[in-house]
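1. Predicted structure and sequence below. I'll ask about it afterward.
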Amino acid sequence: MDFIKKNLSEIQSKIKFYAEKYNRNNILLIAVSKTFPIEYIKEVYNYGIRDFAENKAQELRIKAQELKDLDINWHFIGRIQTNKIKYIVPVAKYIHSVYREKEIQEIDRIAKKYNKTQKILIELNVSGEETKGGITEKDLKNLLDFSMNFENIEVVGLMTMAPYTDNEDIIKNVFIKLKNLRDEYSKYYPNLKELSMGMSNDYHIAIESGSTMLRIGSSIFGKRYYKEGE
């Protein structure tokens, strides 16, 4: 699997280049391992990466169990089904894709069972695309206020996905808008520090725009193959 070493080295060099260019530091590289086998994860782990992301609760659960002896920080980045939260909370350090009150209630309920404070990020649909999850800007304060009612929840940041477009101005506008929202609301919610934005095709724009968490999959693991129906 020499290609993984090569890919990882290249993406790390590029991230370092853009971080220096835009005077950024403390950017977390999260390897998005969804659909890829355990062997790939171990390979990336052996090259020093400790943060991995999955987007399906049961896949996260299985992989976390198989790799329980490794000091991996698991991130959940997919659409949340409330009946699957029981699989996510026990293993995920961060849940990036929270945007409904019932998700917060269930995350808190399960976290209590494990005597855990679950770190979450609120997902915003900044681009306004119907196919994307997340709340709108006008609903952010209400959801942040709602989350303050739960002892086992800690909202640590905001997350978004940019539209699939070659127009970098459109992508940058989405990322800058999320950063501005984080900056505005962190005055009142001091734990709101993280910005989860930027993937393999737009991470350089995300770094320029203030991202603290990059979700990188294909640039590390190669082309992703989905089963029919996924």
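-> It's in.
2. Hmm, residue 154 is touching residue 122, no?
-> No. Using C-beta atoms under 8 Å, residue 154 is not in contact with residue 122; the gap is 11.7 Å. (Glycine included, C-beta is placed from N, CA and C.)
3. more crowded one of the two?
-> Taking neighbours as other C-beta atoms under 10 Å, residue 154 and residue 122 compare with residue 122 leading, 27 against 14.
4. Doesn't that one belong to a helix?
-> No. Counting by DSSP: H, G, I helix; E, B strand; the rest coil, residue 122 is located in no helix; its state is strand.
5. Tell me who's in contact with residue 203.
-> The contact partners of residue 203, taken as C-beta atoms under 8 Å, 6 or more residues apart in numbering, are 11, 14, 15, 18, 211, 214, 216, 219.
6. Just the buried ones from those residues?
-> With neighbours counted by 16 or more other C-beta atoms under 10 Å, those contain buried members at 11, 15, 18, 211, 214, 216, 219.
7. For those residues, please prepare TSV with the additional fields secondary structure.
-> Formatted as TSV, the buried ones among the contacts of residue 203 follow (three-state DSSP):
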residue	secondary structure
11	helix
15	helix
18	helix
211	coil
214	strand
216	strand
219	helix
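8. Poorly predicted segments of the chain, please.
-> 225-230 (pLDDT under 70).
9. let's see it at 90
-> 1-2, 127-133, 164, 223-230 (pLDDT under 90).
10. where along it do the strands fall?
-> 28-32, 51-54, 73-76, 92-98, 118-123, 153-159, 194-196, 213-216 (DSSP state E).
11. For the second one, name the packing helices and strands.
-> It stands for strand 51-54. The contact analysis (3 or more C-beta pairs under 8 Å, 6 or more residues apart in numbering; DSSP states H and E) places strand 51-54 against strand 28-32, helix 38-46, helix 57-66, strand 73-76.
12. try 10 Å
-> With contacts taken as 3 or more C-beta pairs under 10 Å, 6 or more residues apart in numbering; DSSP states H and E, strand 51-54 sits against strand 28-32, helix 38-46, helix 57-66, strand 73-76, strand 92-98, strand 213-216.
13. could you dump these to a markdown table with distance to residue 116?
-> Listed next are those as a markdown table, based on distance: least, C-beta to C-beta, whole Å:
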| stretch | distance to residue 116 |
| --- | --- |
| strand 28-32 | 20 |
| helix 38-46 | 23 |
| helix 57-66 | 14 |
| strand 73-76 | 13 |
| strand 92-98 | 10 |
| strand 213-216 | 20 |
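14. Compare those and report which one is nearest to residue 5.
-> Taking C-beta to C-beta, helix 38-46 is the member of those nearest to residue 5, at 7.6 Å.
15. quick one: the closest one to helix 57-66, angle?
-> Interaxial angle, helix 38-46 versus helix 57-66 (axes from the mean of the first three to the mean of the last three C-alpha atoms, to 10 degrees): 60 degrees.
16. which parts of helix 38-46 are buried?
-> With burial defined by 16+ other C-beta under 10 Å, the residues of helix 38-46 counted as buried are 40, 41, 43, 44, 45.
17. any idea which of these is closest to residue 25?
-> Comparing the buried residues of helix 38-46 against residue 25 with C-beta to C-beta places residue 44 closest, at 22.1 Å.
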